[in-house]
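Peer 1: Predicted model follows, preceded by the sequence.
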There are 2 protein chains.
Amino acid sequence: MRRWELTIEIDPAREQPLFLQLAAAITDGIRCGRLKPGEALPGSRELADFLDINRNTVVAAYGELTAEGLVTSRIGGGTFVAQPQPVAPPGPRALASVTPTYPLPPVALPPLSRTIPAPGTLQLRGSPDVRLLPARELARAFRRAIGIQGRNVLTCTDPRGHVRLRTQLAAMLQSTRGLQATADDVLITRSIEQGLDLVARTLIAPGDAVAIEALGYPPARRVMELAGAHLLPVPVDQDGLDVDALETTLKREPVRAVLLTPHHQFPTTVVMSPARRARLATLALQHRFAIVEDDYDHEFHYDGKPVLPIAAGVARANVVYVGSLANILAPGLCTAFVSAPPTVMERLVALRGTSDAQGDAAVECAVAELFEDGECLRHVRRMRRLYRIRRDALTTALVRHLGGAVDFRVPEGGLALWVRVDDGIDIEAWSQTALQEGVSFSPARPFDFLDRGQPFMRLGFSYHDPAELDDAARRMSRALARVRTARSSPGTATARSAVRREGMERIDAGATPSLPLARQSPHRVR
Amino acid sequence: MRRWELTIEIDPAREQPLFLQLAAAITDGIRCGRLKPGEALPGSRELADFLDINRNTVVAAYGELTAEGLVTSRIGGGTFVAQPQPVAPPGPRALASVTPTYPLPPVALPPLSRTIPAPGTLQLRGSPDVRLLPARELARAFRRAIGIQGRNVLTCTDPRGHVRLRTQLAAMLQSTRGLQATADDVLITRSIEQGLDLVARTLIAPGDAVAIEALGYPPARRVMELAGAHLLPVPVDQDGLDVDALETTLKREPVRAVLLTPHHQFPTTVVMSPARRARLATLALQHRFAIVEDDYDHEFHYDGKPVLPIAAGVARANVVYVGSLANILAPGLCTAFVSAPPTVMERLVALRGTSDAQGDAAVECAVAELFEDGECLRHVRRMRRLYRIRRDALTTALVRHLGGAVDFRVPEGGLALWVRVDDGIDIEAWSQTALQEGVSFSPARPFDFLDRGQPFMRLGFSYHDPAELDDAARRMSRALARVRTARSSPGTATARSAVRREGMERIDAGATPSLPLARQSPHRVR
């Protein structure tokens, strides 16, 4: 049993399930080097006896570690600490030296640079904790969808998606978001990105001006650009998109569409004020532009009055409403949807049918079943409760471990905190060092249309439980200390600048119209 | 038991499973009006006893009928003939009268007109018979994919698709198609249409000339047009794309890409001759154009030598290869893929990541498992054997029921026959009347770039078993008789013109360059 007794602390009273506590303890052992690559872990029965827990708990923990790539099982039995893998296994590509002889058009998009955090890294990402997904129910529903009714489902060729899910989505939009919609008013898309791409290609002609939030979701503005849009960034402050600034822009030039995230502004999570929503709706009708309302995480609102989408208001005719189930279920089950008036819908459907035929009706029906039997909405309620707890947990952890270096408001909703960082801190260096400490988070730069290194970061709290979040903040603090030491070591000291506490008055003042798109790679983890 | 004994003939010796024979017999009863809407079917036990078959067979048949919408089950038991549903339930749309006030760009695509055949219609479509899908294995694999390894899978954010399936696809391309490819040379797409759309948006700049087959798959040419391509139709004959005609075009103007289906030309299913493939490859390198090779149903080749893709030859650097699993598995599981050299792949991946984030990793892993344990390739072998039998069955049925009116070659591969129709026959009227007789098929018009009513039709044989195919041909014959009667009734007679048997010498001579895209709606069922 060796040194196991020293490091494993598990506590049935914590929110985190026992198997995850056990997995976390072993992960820690591996990360700190107490457990070496190739070393054998105790047998599940042996460890279960020792810790006085159920053997299945150990099996589940080992399964989790296997899934994370931290341990491997060998044929003939035994679980071993995995050999570290190169993050991107290089492997010779069969076509490595093959180059086309034909000319390619100018590059339209920067290459995707994906940083895959090392296994076991705590990720402060605003995506759902899929460990909590009702996986058994979903698998059962999938089996039923392709089972006896299979021919009906698997040959469904409706480019709008299967009517069962469209019916459920329409009902959800009506009941929880006040949106008038029937099944025929809903187009199911593969992802919110596909929805936005279809919308951009449908609404925008080359050269059209599109106003966007100066801080926003890079793929959303990129699909507008790909459709030929001329982008006009509009500042965002703590009441959301600055509608006065938009109005100034409208006086200068006609705008075809305004793309925004009014509910929990991405990435800042601020809620757009009712007065601004009303004003934006009026402007849309008056200046005849479309509002593309990206409501990517509607469900996760914790405090204050529920806020209805702009699409539920007077400007409905001019709103194209885009939503997603990715944050309810999982990024890998990224069913999303668009709702728009019939004239727009007809074009969206024709484009969808041409550019991607139809959806995955089996998955659509499986998800529909989760709605039909109430499981999906129960899951949403569970998640909302848990994510609220996690928001508060991350808040507490940041104050405890990083109190002097960061400043933020507790958001009413969303899956992340938008955190101002002390001016003296090199946030890019911090995030790089943090990766070495086993925690990942996102500086503001990729979200900024002007690609400036602003002193903000987005810290998602939904992906991890409170214990993990506390650990993440602790690691961030360790990383920060290392960055400060590195900085102060050549000179004398005082890397630590004064604590600032003005709050987030003005996140972004970048109203310079129509600058070329920033260079950095798309950041895809919301 | 009433009139049941009169109509149900089931025979364990037939290829068709008993439950489908039973379902077909009941379908026939409903279609002919012997069974009226609302009428009760016998209980499963009662009918099983009467026919001396297993009760599960009856339950499965009723399940099939339920799936087709022909019968309904009521709470408290009992199975009843369904009330006929309007084909497209009209239902008031919530947004019916809502019209945006903003201007929309010029229409880029015709609206999709989807004809959904009435329940029970025999469909001569070239799509897979999903009744034969290994559904249980797939459901089990899906459950495993989202189970213990769920977090790993469900948060996979690789826009290229999950590495497990990419690895399997690369191995398949190497072993069965002679294509050099590793996992990194493969991009998984949602559908072959999405693959083609990504390719078009990557390779084509507005105004670029793209040569296409004058008879082809409408969505494929439409995505080229959406990317701004100027389309140049090239004739197709029984050796595939007419490369001499292409060469003439190349002398007149530079071409950026050639889009074609060399393996089983769509819709004609002809195999491009080796000499023409070689010539096309040489031209591509010499004239520096891309070959977009759409190999949508590679597996289904029955006679003669196996033919390797153009991508397996000397022009690999200039080929972007597009394939699909939709015809192996199901249209609703339309996983497809693209393989191209790294410089092109990098752009495809950036576009995919921006316009659709990532794939459905759970389904990708489930399909990967079917490959890993050999189930997928076993399924392909089974299907190839069955589809060959079905090809021959449709051939026999056409000769038997329509001998004097149609003419065709038996194709070496593919999932459909390309059939020449007697000159005196109004093929559009025939296909409309056929729907009333309970059989659907596709005249050539939607595939023709020039939108001409050519005397050809495409009859898929993969979707139904031999007994159903025979029935389909019989119904076509009845429909033809009705069309002829209708035509001859006003005048004297002789609607039946002489039988022609010259074979398919020249399917299409439409080499007129760059005509505007035809008006008809996309035809999406291959």
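Peer 2: It's in.

Peer 1: count of neighbours near residue A:426?
Peer 2: For residue A:426, the neighbour count with other CB atoms under 10 Å in any protein chain shown is 18. To be clear about C-beta, it is placed using only N, CA and C from the backbone, and glycine gets the same treatment.

Peer 1: okay, it: pLDDT?
Peer 2: Turning to residue A:426, the model gives it a pLDDT of 95.

Peer 1: interface residues of the stretch 201-350 of chain A facing chain B?
Peer 2: Residues of the stretch 201-350 of chain A lying near chain B by CB under 8 Å from any CB of the partner chain: A:201-205, A:208, A:218-219, A:222-223, A:226, A:256-257, A:284-285, A:288-290, A:316-318, A:330-334, A:339-347, A:349-350.

Peer 1: if you look at those residues, which of them are in helices?
Peer 2: Of those, the ones assigned to helices by DSSP state H are A:201-203, A:218-219, A:222-223, A:226, A:284-285, A:342-347, A:349-350.

Peer 1: Just the buried ones from those residues?
Peer 2: Among those, those scoring as buried are A:201-203, A:218-219, A:222-223, A:226, A:284-285, A:342, A:344-347, A:349-350 (criterion: 16 or more other CB atoms under 10 Å in any protein chain shown).

Peer 1: count of residues packed around residue A:42?
Peer 2: 17.

Peer 1: what's the answer for residue A:459, then?
Peer 2: Around residue A:459 there are 24 other residues, counting by other CB under 10 Å.

Peer 1: Could you do residue A:48 as well?
Peer 2: Neighbours of residue A:48 (other CB under 10 Å): 18.

Peer 1: Tell me if I am right that it is in a strand.
Peer 2: No. Read with DSSP: H, G, I helix; E, B strand; the rest coil, residue A:48 is helix and lies in no strand.

Peer 1: contacting residues around it?
Peer 2: A:54, A:55, A:57, A:58 (CB atoms under 8 Å, 6 or more residues apart in numbering or on different chains).

Peer 1: now, which of the residues you listed lie close to chain B?
Peer 2: The subset of those within reach of chain B, by CB under 8 Å from any CB, is empty.

Peer 1: of those residues, buried ones?
Peer 2: Among the contacts of residue A:48, those buried by neighbour count (16+ other CB under 10 Å) are A:57, A:58.

Peer 1: With pLDDT and secondary structure added, can I get the contacts of residue A:48 in CSV?
Peer 2: Below are the contacts of residue A:48 laid out as CSV (pLDDT from 0 to 100; DSSP: H, G, I helix; E, B strand; the rest coil):
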residue, pLDDT, secondary structure
A:54, 88, coil
A:55, 89, helix
A:57, 87, helix
A:58, 89, helix
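
Peer 1: and which of the contacts of residue A:48 is nearest residue A:47?
Peer 2: Proximity of the contacts of residue A:48 to residue A:47 (CB to CB) peaks at residue A:58, which lies at 5.0 Å.

Peer 1: give the contact list for that closest one.
Peer 2: If you count contacts by CB under 8 Å, 6+ apart, residue A:58 has them with A:19, A:22, A:44, A:45, A:47, A:48, A:51.

Peer 1: Show me the two of the residues you listed that sit farthest apart.
Peer 2: Taking CB to CB as the measure, the contacts of residue A:58 span a maximum distance of 15.2 Å, between A:19 and A:45.

Peer 1: Count the neighbours of residue A:373 for me.
Peer 2: Look at residue A:373: counted by other CB under 10 Å, it has 12 neighbours.

Peer 1: Next one: it from chain B, what distance?
Peer 2: Distance of residue A:373 to chain B, given as CB to the nearest CB, to the nearest Å: 16 Å.

Peer 1: and if you look at residue A:232?
Peer 2: Counting by CB to the nearest CB, the gap from residue A:232 to chain B is 16 Å.

Peer 1: before we move on, what SS does that residue have?
Peer 2: Using three-state DSSP, the structure places residue A:232 in strand.

Peer 1: Could you do residue A:420 as well?
Peer 2: Three-state assignment for residue A:420 (three-state DSSP): strand.

Peer 1: Next: residue A:320.
Peer 2: strand.

Peer 1: pLDDT value on the residue lying closest to it once chain neighbours are set aside, please?
Peer 2: Leaving aside its sequence neighbours, residue A:320 sits nearest to residue A:340 (CB to CB, 6 or more residues apart in numbering or on different chains; 4.5 Å). At residue A:340, the model reports a pLDDT of 97.

Peer 1: which ones are touching residue A:340?
Peer 2: Contacts for residue A:340 were tallied using CB under 8 Å, 6+ apart; they are A:185, A:187, A:199, A:319, A:320, A:321, A:348, B:95.

Peer 1: cool, and residue A:257?
Peer 2: Applying CB under 8 Å, 6+ apart, the residues contacting residue A:257 are A:203, A:204, A:208, A:210, A:211, A:224, A:229, A:289, A:290, A:291, A:292, B:102.

Peer 1: Just list whatever residues bridge to it.
Peer 2: Counting by DSSP bridges, residue A:257 forms beta bridges with residue A:210, residue A:290.

Peer 1: so how far is residue A:206 from it?
Peer 2: Residue A:257 is 14 Å from residue A:206, where distance means CB to CB, to the nearest Å.

Peer 1: so where's the stretch 351-500 of chain A uncertain?
Peer 2: Residue ranges of the stretch 351-500 of chain A with pLDDT under 70: A:489-500.

Peer 1: Okay, strands next: where are they in it?
Peer 2: Per DSSP state E, counting those that start in this stretch, the stretch 351-500 of chain A carries strands over the ranges A:406-408, A:416-421, A:439-440, A:442-443, A:456-460.

Peer 1: Residue A:38 is nearest to which of these?
Peer 2: That would be strand A:439-440 among the strands of the stretch 351-500 of chain A, by CB to CB, at 25.8 Å.

Peer 1: so what secondary structure elements neighbour that closest one?
Peer 2: The helices and strands touching strand A:439-440, judged by 3 or more CB pairs under 8 Å, 6 or more residues apart in numbering or on different chains; DSSP states H and E, are strand A:122-123, helix A:466-488.

Peer 1: Give me the residues contacting it.
Peer 2: With contacts defined as CB under 8 Å, 6+ apart, strand A:439-440 is touched by A:115, A:117, A:121-125, A:431, A:434, A:472, A:475-476, A:479.

Peer 1: Now residue A:317: closest residue in space, sequence neighbours ignored.
Peer 2: residue B:98 (4.7 Å).

Peer 1: quick one: the residue lying closest to residue A:326 once chain neighbours are set aside and residue A:351, what's the gap?
Peer 2: Nearest non-adjacent residue to residue A:326, counting by CB to CB, 6+ apart: residue A:334, 4.1 Å away. For residue A:334, the distance to residue A:351 equals 19 Å [CB to CB].

Peer 1: neighbours around the closest residue to residue A:429 other than its chain neighbours, how many?
Peer 2: Counting by CB to CB, 6+ apart, the nearest residue to residue A:429 once its immediate chain neighbours are dropped is residue A:483, at 5.0 Å. The number of residues packed near residue A:483 is 21, by other CB under 10 Å.

Peer 1: cool, and residue A:359?
Peer 2: For residue A:359, the count of nearby residues is 27 (other CB under 10 Å).

Peer 1: longest helix of chain A?
Peer 2: Chain A, longest helix under DSSP H: helix A:375-402.

Peer 1: what comes up buried for it?
Peer 2: Applying 16+ other CB under 10 Å to helix A:375-402 flags A:375-377, A:379-380, A:383-384, A:386-391, A:393-395, A:397-398, A:401-402 as buried.
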